[in-house]
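Chemist: Give me coordinates for this.
(chains A and B)
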There are 2 protein chains.
Amino acid sequence: MRCMTVTLLWTLLPYSALAQKSTAPPVPPAPIRSGPPAQVALEVRDYRVNNEDRIVCELTEFLSIPNVATDTPNIQRNAARLVEMLEARGIEAHLLPIAGRGPVVFGKLLTPEATRTVIFYAHYDGQPVDPSSWTDGRPFEPELRTNAIEAGGKRIDLPQAAPGHPALYSDDWRIYARSASDDKSPIVMLLAALDALRAKNIPLAVNLKVIFEGEEEAGSPNLERTLELHKNLLAGDVLITADGPVHQSGKPLVFFGNRGVFGLEITAYGPVRALHSGHYGNWAPNPALEVSRLLASMKDENGRVLIDGYYDDVPPLSASEKKALAQMPDNDADLERELGIAKPDGGGKKLVELLQEPSLNIRGMRSAYVGPQSQNVVPDKAEASLDVRMVKGEEPEKKFQQIVAFIRKRGFYVINHEPTMDERRQHARIAQVVYEGGYVAARTPMDLPVSRKVVEIVEGAAGPAVKMPMLGGSAPMYIFENLGLPVIGVPIVNHDNHQHSSDENVRLGNLWRGMEIYAALLAGLSW
Amino acid sequence: MRCMTVTLLWTLLPYSALAQKSTAPPVPPAPIRSGPPAQVALEVRDYRVNNEDRIVCELTEFLSIPNVATDTPNIQRNAARLVEMLEARGIEAHLLPIAGRGPVVFGKLLTPEATRTVIFYAHYDGQPVDPSSWTDGRPFEPELRTNAIEAGGKRIDLPQAAPGHPALYSDDWRIYARSASDDKSPIVMLLAALDALRAKNIPLAVNLKVIFEGEEEAGSPNLERTLELHKNLLAGDVLITADGPVHQSGKPLVFFGNRGVFGLEITAYGPVRALHSGHYGNWAPNPALEVSRLLASMKDENGRVLIDGYYDDVPPLSASEKKALAQMPDNDADLERELGIAKPDGGGKKLVELLQEPSLNIRGMRSAYVGPQSQNVVPDKAEASLDVRMVKGEEPEKKFQQIVAFIRKRGFYVINHEPTMDERRQHARIAQVVYEGGYVAARTPMDLPVSRKVVEIVEGAAGPAVKMPMLGGSAPMYIFENLGLPVIGVPIVNHDNHQHSSDENVRLGNLWRGMEIYAALLAGLSW
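Modeler: Purely as a prediction, here's the structure:
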């Protein structure tokens, strides 16, 4: 997909000329309108239909920079690009460095007369990729399609614009690339919202700060420490996080918390080298079987975790949370149909209820080879990769220790290194269990004035929204909570975005509505 | 590793000049000696120490041709090379073609006055390779090492020969390459044995036929049919198979059967696409967990298979088989130490006993990603690859159906295709189970005259041998059994050869002894 718009027109007039206190050049004429959210949304739409080329161009160029957190040169290129994108809007930008990783990109845009400061959080790194499992094989070469691949979407070129005749985009078209949804689009839409407000002379109601993180998908191991070092930059009144999809019903979503998360890797060991399965099968213990037994023992038939104490720290839902859950649309049957699920886990509970509980998920499993690559061996090891989600009140390290204790109880000698020959000879079952780190959940009361106001604006701009006490997904929002900030989630991307997997995508219609929502928040948030 | 010997000297005097009925050129002088196996072995050794360069060169050049059965162009290059190698010895060679695969390479060398015909079987294809898991990363670029890698063996160049001063090789050196052991070395050693006999004027006692197969590691799907079409070529008195390692004690091995084998692939399905584990974990069924539960249910704690009827067709061991097993060296404790196994499966039975039973082995397992590539998803599918070994009397298809019935009993809807959306919506547990084909076991009585004679010669040439009723490994020897041929295994390669896995290797000392054994058989076999 080639991007045809090479001149970033907005750079001709920095946003700061409008929004920042400045001595020169003269402030432009007063805004003609600063109406309610619906009015802002309409103005932004009018701007957008004439600038879709430019917005899509900025997004696809950004998506072309590979962004796996551990790919140091590229992740730093992403950060440098973000600084350019911010500065093009007259936003003061700073890199908060992290050795060997992508820095935190911080930006600040002051608004005359504003008393409230909104901090907008998103992340610019993406999950690891396996190009061979992508339909187009190139996760960092964005492709435009007429619809979702599973709905028969075909690859198309970018439409061509002519002077005075903007190219025509359809809302159902999708851009395919790693981080198309998670989480680069919200960044680009926030900046597009600023451009639209400027173009329509609509002033911001708040000071804006942005925090764009470069290792969220790697577990945010350095974010807390990095922000601690730059605490002076972080004064604010609310944190808006853009990370996550909208509700599966297609309605806008506002959420008030995230589950915590940590990852762990379990490796079981067989013979010191893979053995011919004819000459040693029946005799050499098979580590794939050992891992299977272990994993199978962790949950009951309904997916309930059988590890001792696993649910002990889960607080009961409050009355208001129960009410919010009851009010959420129940589209589980639609989801089951869409996803080809005959019987979900959970013993009859609804999806939204299950997301308010801790989880234990096998995210991957590997031993030797399968399919055409399979070799007739007893493998030397078998690996399982797990992720755990936690609710408010649960501590990652305590939960990890519960899992380790369970593995020990199952007869494994648990170590955190490759076993030595002596260890292999002494212990019939050995598991290397590696804790990858993680963080706790976050939760903001749904009845704070700012919580109510965010909902009011989102609904004013985009219609009835789904209000969710806590999102099932994770982001390190506890850090901002610890800074005393309410944390409210306003995601914009489609739910069927293949987030974290191959063929990640974003639907254009979601981008456009998200841009309107963000503009309405920037123009109208006060409480 | 560069091979320095480019001229194949033996081509100066075709073996046929010595061994085949021929009118011209004149037959060389009568042999000076055709003594007992020990004497032949000494003569062969004398030849070998002056020709190690040439032998290693022929082997490494052969190993340089990639030989995965499904790699059609390369597997056919292997066959063409084999024809050259046979014809260089004056052996009449034919390709018995198989569409799209490597042909069966057939060779025939008649011996004046001989009444017995020995058919020598080996295969020239190798198991699939994953170069990234090889220490040197290049399974088809043979490397010489001073010892096994796990014993600290270092890579070295081939030693340089000078006129009159053969290069010096050490018995403990090893050649690393796919099929270094399984199964190209025995082919090269048989031909080197012929060269040595010719050079020492020792006549063959038998007519020799060779059958070199090109898809043994792919399950020999075409061998039976191909040989059936060329039955006229196959008249003979005994089949010697070279496939397999010697006993773990290091002693020579003679075996009298092979287990049968088949493979199967099981795929369990979750949601139609991998889902974000935060937004859907606890609710979306996890196929990795399903597969784990299934695999865990297949065996008890001692590795005994729990599938209904799994051991029903196993015949009891005969008195002579029991006696042979009892006489085999019990080096299980050494093996456990070497392989780092604290407690073998089998409930206390010895390895050799367990190899006389059917097995069920998980040869591989895969779902989504692990380690640095792991993604926080509920995977869309999980695969397990299994191989099954069978004893005499068991039928692959019947055994496969036992497994399918077991999977059904565990609640799976069993199919042989990717599930449709309707099937996904109807069935909570779905398993695609694919039968890869296979074949039955073979078994030759240990007390036939030819059985006794082979043992006598092997022991005469190389000292006390281990006699094994049936090898744990598989080869399609049932085909020859059905042709009325006794099948006797005389393997030569080291047991710790990483057969089927990465870093496959062969120890030079084993090659040299194997060459002496094969020469002694060719020179002395009569019964």
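
Chemist: what's the span of stretch A:230-238 from first residue to last?
Modeler: 17 Å (C-alpha to C-alpha, to the nearest Å).

Chemist: quick check: mean pLDDT across that stretch?
Modeler: Stretch A:230-238 carries an average pLDDT of 95.

Chemist: Let me see the residues that make contact with that stretch.
Modeler: By C-beta atoms under 8 Å, 6 or more residues apart in numbering or on different chains, the surrounding residues in contact with stretch A:230-238 are A:94, A:96, A:104, A:106, A:108, A:116-119, A:207, A:209, A:227, A:450, A:454, A:483, A:485-488, A:525. The C-beta positions use only the backbone N, C-alpha and C, and glycine is treated the same way.

Chemist: Recalculate using a threshold of 7 Å.
Modeler: Stretch A:230-238 has contacts (C-beta atoms under 7 Å, 6 or more residues apart in numbering or on different chains) with A:96, A:106, A:116-119, A:209, A:227, A:450, A:483, A:485-486, A:488.

Chemist: Now the two most distant members of these.
Modeler: Greatest spacing in these, by C-beta to C-beta: A:96 and A:450 (25.4 Å).

Chemist: and residue A:470, how far is that from residue B:68?
Modeler: 51 Å (C-beta to C-beta, to the nearest Å).

Chemist: Over to residue A:299?
Modeler: In terms of C-beta to C-beta, residue A:299 sits 39 Å off from residue B:68.

Chemist: for residue A:190, same thing?
Modeler: Residue A:190 is 52 Å from residue B:68, where distance means C-beta to C-beta.

Chemist: swap in residue A:525?
Modeler: Counting by C-beta to C-beta, the gap from residue A:525 to residue B:68 is 63 Å.

Chemist: again with residue A:42
Modeler: Taking C-beta to C-beta as the measure, residue A:42 and residue B:68 are separated by 63 Å.

Chemist: cool, residue A:407 as well?
Modeler: Counting by C-beta to C-beta, the separation of residue A:407 from residue B:68 is 38 Å.

Chemist: So which bits of the stretch 151-300 of chain A are right by chain B?
Modeler: A:245, A:259, A:261, A:263, A:265, A:271-274, A:276-279, A:281-286, A:288-289, A:292-293, A:295-296, A:299 (C-beta under 7 Å from any C-beta of the partner chain).

Chemist: returning to what we had before: could you check which of residue A:42 and residue B:68 is surrounded by more residues?
Modeler: residue B:68 (23 against 14; other C-beta atoms under 10 Å in any protein chain shown).

Chemist: Check whether that one really touches residue B:131, as I assumed.
Modeler: No - with contact defined as C-beta atoms under 7 Å, residue B:68 does not count as touching residue B:131 (11.5 Å).

Chemist: re the thing from before, including pLDDT and neighbour count, could the contacts of stretch A:230-238 go into TSV?
Modeler: Shown next, in TSV, are those (pLDDT from 0 to 100; neighbours: other C-beta atoms under 10 Å in any protein chain shown):
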residue	pLDDT	neighbour count
A:96	97	18
A:106	98	23
A:116	97	16
A:117	98	18
A:118	98	25
A:119	98	25
A:209	98	22
A:227	95	21
A:450	97	20
A:483	92	17
A:485	96	24
A:486	97	20
A:488	98	25
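
Chemist: and of the residues you listed, the nearest to chain B?
Modeler: Nearest to chain B among the contacts of stretch A:230-238: residue A:488, at 17.5 Å, using C-beta to the nearest C-beta.

Chemist: right, and the closest one touches residue A:242 too?
Modeler: No - Residue A:488 lies out of contact with residue A:242 (C-beta under 7 Å); the separation is 10.6 Å.

Chemist: Per the annotation, how does chain A divide into domains?
Modeler: A:39-129+A:178-258+A:442-524, A:260-314+A:357-439 (automatic domain parsing).

Chemist: hmm, back to that, so can I have CSV of the contacts of stretch A:230-238 showing distance to residue B:520?
Modeler: As requested, the contacts of stretch A:230-238 are arranged in CSV below (distance: C-beta to C-beta, whole Å):
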residue, distance to residue B:520
A:96, 77
A:106, 81
A:116, 95
A:117, 91
A:118, 89
A:119, 85
A:209, 86
A:227, 78
A:450, 92
A:483, 84
A:485, 85
A:486, 88
A:488, 85
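
Chemist: from these, which ones fall inside helices?
Modeler: Among the contacts of stretch A:230-238, the ones falling in helices (DSSP state H) are A:227, A:450.

Chemist: among the contacts of stretch A:230-238, which are in strands?
Modeler: Among those, the members falling in strands (DSSP state E) are A:96, A:106, A:117, A:118, A:119, A:209, A:488.

Chemist: tell me the contacts of the last one?
Modeler: Read it as residue A:488. A:238, A:240, A:254, A:256, A:444, A:451, A:454.

Chemist: In terms of helices and strands, where is the third one?
Modeler: It refers to residue A:254. Residue A:254 belongs to strand A:253-255 when assigned by DSSP states H and E.

Chemist: packing partners for that strand?
Modeler: For strand A:253-255, the packing partners by 3 or more C-beta pairs under 7 Å, 6 or more residues apart in numbering or on different chains; DSSP states H and E come out as helix A:449-462, strand A:466-468, strand A:487-489.

Chemist: so which of these is the most packed in?
Modeler: strand A:487-489 (a mean of 25; mean count of other C-beta atoms under 10 Å in any protein chain shown).

Chemist: Show me how far that strand is from its chain's centre.
Modeler: 13 Å (C-alpha atoms, centre = their mean, to the nearest Å).
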